[in-house]
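Engineer: Build me a model:
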Amino acid sequence: MDVTHLAAVDSARAARVLSEVRAARLAGQPAPVSPRPVIERSWERRLRGGIDPDHDVRADPLSREEVQRRRETSVLRHVLPVLREGLLAAADVAHHIMVVADEDGRVLWREGSPPVLRKADGLGFELGADWREDVVGTNGVGTPAVVRRPVQVFASEHFVRSQAGWTCAGAPLTDPRDGRLLGVVDVSGPLETMHPATLAWVGSVAKLAEARLREMHTESLERLRAVAAPVLARLGGRALVVDPDGWTAAVSGMPYVPRVALPKSLSAGPIRLPALGPCTVEPLAGGWLVRAAGDEPAAHGPATIVLDLSQARRWSVEVRGGAGSWVRELSPRHAELLYLLAVHRSGRSASGLAGDVFGDPARTVTVRAEMSRVRRYLGAFLEHRPYRFAEKAEVEVLLPADPRDLLPHSTAPAVSGRRGAAAP
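Structural biologist: From the prediction side, this is the model:
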């Protein structure tokens, strides 16, 4: 059955037919006509999921504060102008509303016809509401997110009976950098406002929004390329600069590769990448400098390391030089270890650090594990056997104004003994 054609000619008749189809299928009986495959598969998923088709199931909406927080962090905020320009004016005239939900199915924006917005409130289609398919059944937000393509849901094609008075057309919005689902844009309204071209319209505007995201990514790579150019010009050997998702902005001394697979959690220091083998990574503004192993100069050239212990509960290490500067906050244990290495520039063995920190030289396993973590982000500037800062690195320690406030929660014997001592 061509639902869109029938609904365009006689929406009331189409709604009656779909109601009969839904009732028959949910009762396990032969239906007068078969539902559309995308709808039938969605109904099957929801029957297996245990949703009651005759009762609303609504999750608590997010608070206004949480909605605002998600808006501010969602990539979708960048394409709202495209969605509004492409959908909102026509949707308002046609007595529809435009809804934008995030990847979790939470409604973050709703705009359009005020009377339709009020009707949507009665349906629970409100800001912060959860419209995933496995929460509220087949619908124009949750189902496109599941099947990852545009879907129109008309009248009783909705799984839950209370939604049968609506028509919805939604399209997924995906991140062009990695194909990740960002959310769904949906146009919804009373079933009598259904139009057969709505789905194609919404899908086309969604593609325009994704094209805008691709443009933004290209622009960000151009900015990163401008940062990378002087850095790569100073370096010899094989190196490339990539954005946080691994897309290449510039290369030097090696063939161009469009993208490098990066681990989800990436820190400065030595690493092995599948496409390049052993490497060293260093942060840049907006990305990472990746150098092939053996091609980087020792300790990345002259560098200044600033260990900031001046605040009571917030410690950090800043590296200046090489490819620029970067800062990392430190855990209490790492702040202790780096302070002790700054005090003992000639270096400390694992047993020596164990005695300094725990008062027990035998606890070398714990010390080695912690120093391994430190070297993940500071490895280019640290040496071992014994552990020490690289000779060419200038180390500066910022201490609190009151010497008694030096790492106040530390129970390390060597730290306690140095509270009040002069700076290294």
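
Engineer: Any stretches of this protein with poor pLDDT?
Structural biologist: Within the chain, the segments meeting pLDDT under 70 span 1-11, 294-302, 321-326, 376-377, 379-380, 420-424.

Engineer: cutoff 50 now
Structural biologist: 296-300, 422-424 (pLDDT under 50).

Engineer: Could you pull out the buried residues of the host helix or strand of residue 199?
Structural biologist: Per DSSP states H and E: residue 199 is located in helix 198-234. Buried residues in helix 198-234, counted by 16 or more other CB atoms under 10 Å: 198-199, 201-203, 205-206, 209-210, 212-213, 217, 220-221, 224-225, 227-228, 231-232. Every residue, glycine included, has its C-beta placed from N, CA and C.

Engineer: tell me the angle of whichever helix or strand residue 169 is part of relative to helix 198-234?
Structural biologist: With elements taken from DSSP H and E, the one containing residue 169 is strand 166-174. Counting by axes from the mean of the first three to the mean of the last three CA atoms, to 10 degrees, strand 166-174 lies at 20 degrees to helix 198-234.

Engineer: Could you list every helix and strand in contact with strand 166-174?
Structural biologist: helix 142-147, strand 151-154, strand 181-190, helix 198-234 (3 or more CB pairs under 8 Å, 6 or more residues apart in numbering; DSSP states H and E).

Engineer: could you redo the last one with a cut-off of 10 Å?
Structural biologist: The contact analysis (3 or more CB pairs under 10 Å, 6 or more residues apart in numbering; DSSP states H and E) places strand 166-174 against helix 3-9, helix 11-26, strand 97-102, helix 114-123, helix 142-147, strand 151-154, strand 181-190, helix 198-234.

Engineer: Rebuild the ones you listed as CSV, extending it with distance to residue 383.
Structural biologist: Converted to CSV, these look like this (distance: least, CB to CB, whole Å):
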stretch, distance to residue 383
helix 3-9, 70
helix 11-26, 70
strand 97-102, 46
helix 114-123, 64
helix 142-147, 51
strand 151-154, 59
strand 181-190, 44
helix 198-234, 23
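
Engineer: Looking at those, which is nearest to residue 314?
Structural biologist: Among these, helix 198-234 comes nearest to residue 314, with 27.6 Å by CB to CB.

Engineer: Let me know the angle separating the closest one from strand 97-102.
Structural biologist: Going by the same axes, to 10 degrees, helix 198-234 makes 40 degrees with strand 97-102.

Engineer: next SSE after helix 198-234?
Structural biologist: Following helix 198-234 in sequence, per DSSP H and E, is strand 239-242.

Engineer: which residues sit against that following strand?
Structural biologist: Residues from elsewhere that reach strand 239-242 (CB atoms under 10 Å, 6 or more residues apart in numbering): 221, 224-225, 227-229, 231-232, 248-257, 259-260, 262, 273, 276, 279-282, 284, 286-292, 295-296, 323.

Engineer: Partner strands of it, with direction?
Structural biologist: Strand 239-242 has the following strand partners under DSSP bridges: strand 248-252 (antiparallel), strand 287-292 (antiparallel).

Engineer: For the ones you listed, give me JSON lines that also has mean neighbour count and distance to residue 49.
Structural biologist: Below are those laid out as JSON lines (neighbours: other CB atoms under 10 Å; distance: least, CB to CB, whole Å):
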{"stretch": "strand 248-252", "mean neighbour count": "20", "distance to residue 49": "42"}
{"stretch": "strand 287-292", "mean neighbour count": "24", "distance to residue 49": "42"}
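
Engineer: Looking at those, which is nearest to residue 165?
Structural biologist: Of all these, strand 287-292 comes closest under CB to CB, at 49.9 Å.

Engineer: and the residue lying closest to residue 235 once chain neighbours are set aside, how far is that from residue 239?
Structural biologist: Once flanking residues are discounted, residue 235 sits nearest to residue 252: 6.5 Å by CB to CB, 6 or more residues apart in numbering. Distance, residue 252 to residue 239, using CB to CB, to the nearest Å: 5 Å.

Engineer: Dump the strands paired with strand 239-242 into CSV; add distance to residue 31 as well.
Structural biologist: Output for those, formatted as CSV (distance: least, CB to CB, whole Å):
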stretch, distance to residue 31
strand 248-252, 53
strand 287-292, 55
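
Engineer: hmm, back to that, can you list residues touching both of residue 252 and residue 239?
Structural biologist: 228, 231-232, 291, 295.

Engineer: quick one: the helices in the stretch 251-400 of the chain?
Structural biologist: For the stretch 251-400 of the chain, the helices defined by DSSP state H, counting those that start in this stretch cover 332-343, 350-358, 364-378.

Engineer: Any chance of a markdown table for those helices, columns mean neighbour count and distance to residue 152?
Structural biologist: Shown next, in a markdown table, are the helices of the stretch 251-400 of the chain (neighbours: other CB under 10 Å; distance: least, CB to CB, whole Å):
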| stretch | mean neighbour count | distance to residue 152 |
| --- | --- | --- |
| helix 332-343 | 21 | 55 |
| helix 350-358 | 20 | 64 |
| helix 364-378 | 17 | 50 |
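
Engineer: For residue 141, find the nearest of these.
Structural biologist: helix 364-378 (40.6 Å).

Engineer: quick one: that closest one to helix 332-343, angle?
Structural biologist: Relative orientation of helix 364-378 and helix 332-343, computed by the same axes, to 10 degrees: 80 degrees.
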